[in-house]
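Engineer: No sequence on hand, only this structure:
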């Protein structure tokens with residue numbers, strides 16, 4: 001089934017200048033870019049993403065939420081919508097485990113990050129894990145609606161789609 005999913009390259013991706021490398025991985029696997037923008041989300045925007053949609057405070061507590069927001073506001077982020085067959089599952093597999101220390105080699109987090117929950121907790125820092133990826137089709141739909149307006153999304157065929165039908 002063709003799906004759309006949200007990917008947000010977090011401030012640590014932008015700050016390390018590895019945005020292009022990460023984008024190219026999604027392109028190489030055959031996903032189709034529907035929209036992309038760089039922005040600096042404010043606290044209210046991030047509250048909606050992490051708590052209203054993601055229930056972070058409910059699941060992990062106010063302290064984790066606060067340090068995550070602080071980290072998410074250090075540099076801009078790059079938000080994207082990717083489309084493809086099973087895109088939600090494919091992107092999650094490509095990104096790897098949430099804790100970079102546990103992410104398999106070959107995944108984005110496994111290749112570009114190494115931080116553990118324990119270390120980030122010990123220095124009171126949000127976990128720099130490079131990427132947010134929607135966890136389900138339903139979550140993707142809600143997140144896309146939050147991050148993008150309808151007129152910011154582009155329906156177009158890739159060259160592959162155009163010449164293989």
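Structural biologist: Arrived safely, thanks for sending. Model, not experiment: these values are computed from the prediction.
Engineer: can you pull the buried residues of stretch 140-160?
Structural biologist: For stretch 140-160, the neighbour count (16 or more other C-beta atoms under 10 Å) marks 140, 141, 142, 143, 144, 147, 148 as buried. Every residue, glycine included, has its C-beta placed from N, CA and C.
Engineer: For the last one, which residues are in contact?
Structural biologist: Same thing as residue 148. Each residue near residue 148 by C-beta atoms under 8 Å, 6 or more residues apart in numbering is listed here: 35, 37, 79, 81.
Engineer: wait, doesn't the first one sit right on residue 153?
Structural biologist: Yes: counting by C-beta atoms under 8 Å, a contact exists between residue 35 and residue 153, whose distance comes to 4.7 Å.
Engineer: gap between residue 110 and residue 67?
Structural biologist: According to C-beta to C-beta, to the nearest Å, residue 110 stands 23 Å off from residue 67.
Engineer: returning to what we had before: name the residues contacting each of residue 35 and residue 153.
Structural biologist: Common neighbours of residue 35 and residue 153, counting by C-beta under 8 Å, 6+ apart, are residue 81.
Engineer: In TSV: the buried residues of stretch 140-160, plus secondary structure, distance to residue 21 and pLDDT.
Structural biologist: Below are the buried residues of stretch 140-160 laid out as TSV (DSSP: H, G, I helix; E, B strand; the rest coil; distance: C-beta to C-beta, whole Å; pLDDT from 0 to 100):
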residue	secondary structure	distance to residue 21	pLDDT
140	helix	23	98
141	helix	28	98
142	helix	28	98
143	helix	23	98
144	helix	23	98
147	helix	22	98
148	coil	23	98
